[in-house]
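Peer 1: After the sequence you'll find the predicted model.
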Amino acid sequence: MLLAHDLEGPVDAETVVLLHSSVCDRRMWEPQREPLLAAGYRVLRADFRGFGDTPYPAGPYNNAEDVLALLDASGIERFALVGASYGGRVAQEIAARWPHRVTTLALLCAARRDQTPTDAIAAFAEQEEKLVEDGDLAGAAALNVATFVGPRADAATRERVTAMQLHNFEVQLGGADVGRSDQDHDLGAVTARTLVVSGAHDLDFFTQTAEHLAAHIPGARHTVLDWAGHLPNLEDPAALNPLLLEFLRG
């Protein structure tokens with residue numbers, strides 16, 4: 001099964017692959033879509049299994065391998081990779097396991113395999129789980145927006161994130177836990193030019209993750225956005241897009 005996706009732009013252009021946060025789906029990249037296309041890139045946005053338009057998995061799966069299968073089916077050998085939050089975690093695995101295929105890597109408030117939970121992220125997870133178990137999906141979505149959407153986001157952005165998170169809950173609660181596998185990988189194997197972005201208003205779990213990534217990915221550059229929460233590409237695209245485009249251009 002191929003992931004639901006959008007692939008736009010000239011066939012012979014450099015491809016930028018956008019991997020979404022687990023709070024959202026591929027629609028989170030709408031503010032970057034037009035600027036990337038206007039800059040001459042080919043843009044691939046995909047929904048992981050159980051998000052957006054991709055059905056919940058029926059058996060064990062690996063998100064990194066799903067993305068590679070989509071790229072292979074699309075005839076894309078080399079690409080730039082941008083991952084937000086959980087999408088950043090998947091992007092790390094791709095860049096470490098298939099380093100020859102990734103030209104540049106941008107990690108926006110990324111998660112990381114085996115990162116030690118902080119009290120704040122543990123408290124969030126406990127509260128979210130209780131709301132979901134009680135059937136209060138609207139409350140759980142509101143909790144996610146309050147936790148992860150930073151102060152610069154407008155009301156329309158908060159509504160979009162709420163809608164994406166509610167849809168994810170509805171899709172995922174309809175399936176059994178079939179087992180997602182993340183493969184062991186060595187951050188030291190990443191050869192792509194790498195940008196690590198963190199937000200000053202984000203949870204400490206993600207700021208600590210960014211520090212680890214910057215220290216362990218060879219040559220990585222770390223940028224802290226003093227205005228950002230966890231989803232800077234949605235919170236203030238006018239501020240984030242020039243930074244991303246400048247990095248992609250090298």
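Peer 2: Nice, thanks for sending it over.

Peer 1: residue ranges of the helices in the chain, please?
Peer 2: Counting by DSSP state H, the chain has helices at residues 30-38, 63-73, 86-97, 119-133, 137-148, 155-172, 204-216, 232-235, 237-249.

Peer 1: pretty sure residue 63 is touching residue 92, no?
Peer 2: No. The pair residue 63 / residue 92 is not scored as a contact, 11.3 Å apart, by C-beta atoms under 8 Å. Bear in mind the C-beta positions are built from the backbone N, C-alpha and C, glycine included.

Peer 1: Those two: who's more crowded?
Peer 2: More neighbours surround residue 92 than the other of residue 63 and residue 92, with 27 against 24 (other C-beta atoms under 10 Å).

Peer 1: Next one: the more buried one from residue 190, what distance?
Peer 2: 7 Å (C-beta to C-beta, to the nearest Å).

Peer 1: shared neighbours, the two?
Peer 2: 105, 217 (C-beta atoms under 8 Å, 6 or more residues apart in numbering).

Peer 1: Residue 148 and residue 86, how far apart?
Peer 2: 11 Å.

Peer 1: what's the overlap in contacts for those two?
Peer 2: Contact criterion C-beta under 8 Å, 6+ apart; residues shared by residue 148 and residue 86: residue 21.

Peer 1: Show me which of these two is the more surrounded one.
Peer 2: Applying other C-beta under 10 Å to residue 148 and residue 86 shows that residue 148 carries more neighbours, namely 27 against 19.

Peer 1: right, and the more buried one touches residue 232 too?
Peer 2: No. The criterion here is C-beta under 8 Å, and residue 148 misses it with residue 232 at 10.9 Å.

Peer 1: show me the contacts for the nearest residue to residue 33 once chain neighbours are set aside.
Peer 2: Distance criterion C-beta to C-beta, 6 or more residues apart in numbering; nearest residue to residue 33, sequence neighbours excluded, is residue 43 at 6.0 Å. Going by C-beta under 8 Å, 6+ apart, residue 43 touches 6-9, 15-16, 18, 29, 32-33, 36-37.
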